[in-house]
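[1] What shape does this take:
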Amino acid sequence: AASGRASATMGFLSKGYLVLYNAVMAVGWGQLLLWTVTQIRRCQPGDSDLVPSWIPVGHGLVCSSDVNGQKIFDGLKLFQTLAVLEVVHALVGLVSSSAGTVLQQVTSRVVVLWAVVYVNQESIRSTGFSLTLIAWTITEVIRYSWYALKELAGSAPSFLTWCRYTFFIVLYPMGVTGEQMLNYAAVQRLLAETGPQQHVCFVYAALLVVFMLLYIPLFPGLYLHMFAQRKKVLTPKKPAPAEVGIQFPKSANGERSTTLTGQLAFAMSVAGVDPQAAAAAIRERNWRFGYTRHVVENVKICCRNTETCLRVCQDGLNYLHNNFEFIRDGQTMSLATAMKTIKTAFPYTLKITGTKMRNANPDYVVKYRRKPYPAKCELEDLHGEELLAQLNKWAKDGTIEPSAREAISLIARNQGKWLDLSNRYFVLLGAGSAMGPYEILMQYGANVIALDINIPRIWTRLISIARNSCGTLTFPMKVDPATIKNDEELAANVGADLFKETPEIANWLVALMPETEFTIGGYAYLDGELHVRVSLAMDAVMAACCERRKAKTGLAYLCSPTDVFVCQAEAREAMETNYRQSSLLKTFIIAPLRALSKRVCVRNAQPLVTGTDGKSYAIVDGLVVPQGPNYALAKRLQHWRAMLQRSKGCPVSTNIAPSTATLSVVHNKQFAAAYGGFQFFPPMEVSYQETSNAVMGALLIHDVCNPASKAQPSTDIGNPVNLFMSGAFHGGIWRGAYKIGSIGEVAALLHYMRIYALPVCLTASLAVAGAAAAFTTVFAH
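    Sure thing, here's the model as predicted:
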């Protein structure tokens, strides 16, 4: 109770401070705006014309006098410099903004103020200063007023919101124009200097020219981004669809809060074994950016002993199933209740048998591009000795674990024995997933039971692959298959919704071939909170099948490398070795960046965790904050189920996949840039989708077919947290010098430097040459 009161007090003080800060800034900028406006008048001798000289018309009409010039400049120095506090606000978690983004926004203005206007104070009487001042003051009055009212009342007036996302259309170009005029004036002033300081002034001028040139690539992107934000904020929201199926639980205020649910899920999972950790999760004030420490702590608690680990898994899953809601026909119940009480199932089942003959001597092939992403090169087919050689190279470099090499090597050496999947049955939840094993399994004659949403293009692909394979495809239907005329019509009338038809999917699977052993894989993926809901839907289906089917049921997962795992001590030693190695990158880029921010390039090797039995566990923290807490919760509930069901005797194949350049990932330019720069952080390697599909398919087949694999409950792995240790194809994340979550920005920077190195060097050279020519001209006169 005391901690709750303290947290509430801190929340009140934080909110009060932000209201006060934004109100003071709004008033301050308002005063600057007032002084600026009172200077504007019809042009008189000595005034600054507000129409730039390069515009051919309109001169001599509207000008700015210098009545308040010095007061305005002094006030500008105060309030613009105070904006640096906003970086601190982001760093300490007072606001949810990214500290890096805020730093970029504040830095550009501070540079103009102190590095440009301050060194050329004559410019405060210039047209450039007047344009900049008008743009800045109007923008900031609106922005700080918006934030102050939002903090105070919970939301800002719609008119103020409209102003914030509309005025920039004029103010942004006006401000950039004014800033560039100020930059140019400062360059002229510096180049005109003579005497002992002329060399310093020349270098300073050259740097300002480079600063001016940066506006060319940066301004269009930022301007277009603001238009995108305007559309997002001001476009009338479509009426929310009626809530059906699996939904996040409602909080006390009636809202479905993903933040509160995520906090409670992690808190409730450990409440029975570590009340302090549970309280810490609930107290977290900025869950969006602070969730990572609680995910790491969850894994550390699981390392204590087997009993504690399984208790965490069971309690976490119980909370999710008992609190998430299932809505149907206007009735709301818990997901757990829905899975027990709804007895309906799909009325029809259709099976498609492929037309190809199975190859009696199959060859396992891994498609691979030898050049690192994003370089383009032809796909090579690796098989036999070539595949074994590449596996050895990956393992030697630290891109994969030796156990992954051994598992895939066994597939390559036992092709005739293990690549006949004609007697294996795989249920694929999210069969059309880009990272799923559907094509691989069908290629080797597996019997696939497919579940995916009723989107014709998905099913057209699945049906076409099945027809041209040596496997079989089985799926549920709501209409009589006898009424379907062709595959096009079939694709339009098939599909199951994991969100809305969760009980029906489970009931259909329980009744389907009850004496046949299934391996159920969860491969559906969606963004944001949808990922949590679809993962929980898959979990509900898996749990029901494991509990109710007569035959043994196994589970299969693809783990993300950007998560928290227990790894081999050998992997941790490799982290330390790589961290100690010196390089030009470490000396000239990483070290200076580390001096600016300790969040950049953080040491990967973490302190060992000791269990109650005295055993030590090495932890790899691969979390990437921008992926968000919803993603972490979705993956964590999969880990909880995997460990829990294996302890109950179910085979569980769960392997770490590499970072993969799928379309869903690289369409995000920031992620694509980071992926492009990972090659500078050995042993990191980003895989193309074809490679990931092949290697992860091989690991799945190995786990299912090899009776000695870690997936089999008969294999002793000790604490269940060790389940994820073997077979990791992590792409170098487990053995790199730095945490993957701390190198993204640096990797993106290196990627852009590699792409734009020549243009930037040429531009800088031209800028210096131009400045030198200008300096020579001025000096000659």
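
[2] shaky segments in this protein?
    Counting by pLDDT under 70, the low-confidence segments of the chain come to 1-11, 50-61, 98-100, 756-781.

[3] which one is residue 286 nearest to, not counting chain neighbours?
    Spatial nearest neighbour of residue 286, excluding adjacent residues (C-beta to C-beta, 6 or more residues apart in numbering): residue 93 at 4.0 Å. No exception for glycine: its C-beta is placed from N, CA and C like everyone else's.

[4] how many neighbours does that neighbour have?
    Residue 93 has 15 neighbouring residues, counting by other C-beta atoms under 10 Å.

[5] Now the most centrally placed residue in the chain. Its backbone dihedrals?
    With distances taken as C-alpha atoms, centre = their mean, residue 627 lies nearest the centre of the chain, 2.8 Å away. Main-chain torsions, residue 627, degrees, to the nearest 10: phi -60, psi -30.

[6] Isn't it up against residue 563?
    No - with contacts counted by C-beta atoms under 8 Å, residue 627 stays clear of residue 563, the gap being 9.3 Å.

[7] from what I can see residue 646 touches residue 723, true?
    Yes - at 6.3 Å, residue 646 counts as touching residue 723 under the criterion of C-beta under 8 Å.

[8] Now the common contact residues for the two.
    residue 652 (C-beta atoms under 8 Å, 6 or more residues apart in numbering).

[9] where's residue 358 relative to residue 465, distance?
    15 Å (C-beta to C-beta, to the nearest Å).

[10] These two: which has the busier surroundings?
    Taking other C-beta under 10 Å, residue 358 and residue 465 do not tie; residue 465 has more neighbours (19 against 16).

[11] Please name the nearest non-neighbouring residue to residue 453.
    In space, residue 453 is closest to residue 495, 5.4 Å off (C-beta to C-beta, 6+ apart).

[12] now the strands for the stretch 251-400 of the chain?
    325-328, 331-334, 348-353, 366-368, 380-382 (DSSP state E, counting those that start in this stretch).

[13] The third one - which strands sit beside it in the sheet, and in what orientation?
    It refers to strand 348-353. Here strand 348-353 is paired, per DSSP bridges, with strand 472-477 (antiparallel).

[14] Could you check the very next helix or strand once past the partner strand and say which residues are buried?
    Per DSSP states H and E, the first helix or strand lying C-terminal to strand 472-477 is helix 487-492. Within helix 487-492, the residues scored as buried using 16 or more other C-beta atoms under 10 Å are 490-491.

[15] what packs against helix 487-492?
    Contacts defined by 3 or more C-beta pairs under 8 Å, 6 or more residues apart in numbering; DSSP states H and E place helix 487-492 against helix 456-467.

[16] how many neighbours does residue 479 have?
    Other residues close to residue 479 by other C-beta under 10 Å number 14.

[17] Kindly report the same for residue 468.
    12.

[18] again with residue 639
    24.

[19] Check residue 567 too.
    So residue 567, with other C-beta under 10 Å, has 24 neighbours.

[20] Residue 620: what secondary structure?
    At residue 620 the chain is in strand, as set by DSSP: H, G, I helix; E, B strand; the rest coil.

[21] What of residue 520?
    Classified using three-state DSSP, residue 520 is strand.

[22] How about residue 453?
    What three-state DSSP gives for residue 453 is coil.

[23] who are the neighbours in contact with residue 395?
    Going by C-beta under 8 Å, 6+ apart, residue 395 touches 401-402, 404-405.

[24] Helix, strand, or coil at residue 450?
    strand.

[25] Could you measure from it over to residue 242?
    With C-beta to C-beta as the criterion, residue 450 and residue 242 are 28 Å apart.

[26] Can you pick out the residue with more neighbours from the two?
    Neighbour count, other C-beta under 10 Å: between residue 450 and residue 242, residue 450 has more, with 27 against 7.

[27] these two touch, right, that one and residue 430?
    No - assessed by C-beta under 8 Å, residue 450 is found out of contact with residue 430, at 9.2 Å.

[28] Residue 526 - how many residues pack around it?
    With other C-beta under 10 Å as criterion, residue 526 counts 17.

[29] Put the alpha carbons of stretch 27-45 into CSV.
    Extracted C-alpha coordinates of stretch 27-45, given in CSV (Å, rounded to 0.1, in the frame of the first residue of the first chain):
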residue,chain,number,x,y,z
VAL,A,27,3.7,31.5,-22.3
GLY,A,28,7.4,32.2,-23.0
TRP,A,29,7.1,31.5,-26.7
GLY,A,30,3.8,33.4,-26.7
GLN,A,31,5.6,36.5,-25.5
LEU,A,32,8.3,36.1,-28.2
LEU,A,33,5.5,35.8,-30.7
LEU,A,34,3.8,39.0,-29.4
TRP,A,35,7.1,40.9,-29.6
THR,A,36,7.6,39.6,-33.1
VAL,A,37,4.1,40.5,-34.3
THR,A,38,4.4,44.1,-32.9
GLN,A,39,7.5,44.6,-35.0
ILE,A,40,5.7,43.9,-38.3
ARG,A,41,4.5,47.0,-40.1
ARG,A,42,4.5,48.6,-43.5
CYS,A,43,8.0,49.0,-44.7
GLN,A,44,10.0,52.0,-43.5
PRO,A,45,13.7,52.9,-44.0
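
[30] List the contacts of that stretch.
    Contacts of stretch 27-45 (C-beta under 8 Å, 6+ apart): 47, 49-50, 60-69, 71-72, 75-76, 78-79, 82, 130, 133-134, 136-138, 140-141, 144.

[31] and if we set it to 7 Å?
    Here stretch 27-45 makes contact (C-beta atoms under 7 Å, 6 or more residues apart in numbering) with 49, 60-65, 67-68, 71-72, 75-76, 79, 133-134, 137-138, 140-141, 144.

[32] returning to that earlier point: so which of the strands of the stretch 251-400 of the chain comes closest to residue 657?
    Nearest to residue 657 among these is strand 366-368 (13.7 Å), distances taken as C-beta to C-beta.

[33] Partner strands of that closest one, with direction?
    The sheet places strand 366-368 alongside strand 380-382 (antiparallel), with pairing taken from DSSP bridges.

[34] From the chain's centroid, how far away is the partner strand?
    Averaging C-alpha positions (C-alpha atoms, centre = their mean, to the nearest Å) puts strand 380-382 31 Å from its chain's average.

[35] Based on its surroundings, how many neighbours for residue 519?
    So residue 519, with other C-beta under 10 Å, has 24 neighbours.

[36] With the one 4 residues further on instead?
    By other C-beta under 10 Å, 21 other residues sit near residue 523.

[37] Does it touch residue 432 like I think?
    No - contact between residue 523 and residue 432 fails when scored by C-beta atoms under 7 Å: they sit 8.7 Å apart.
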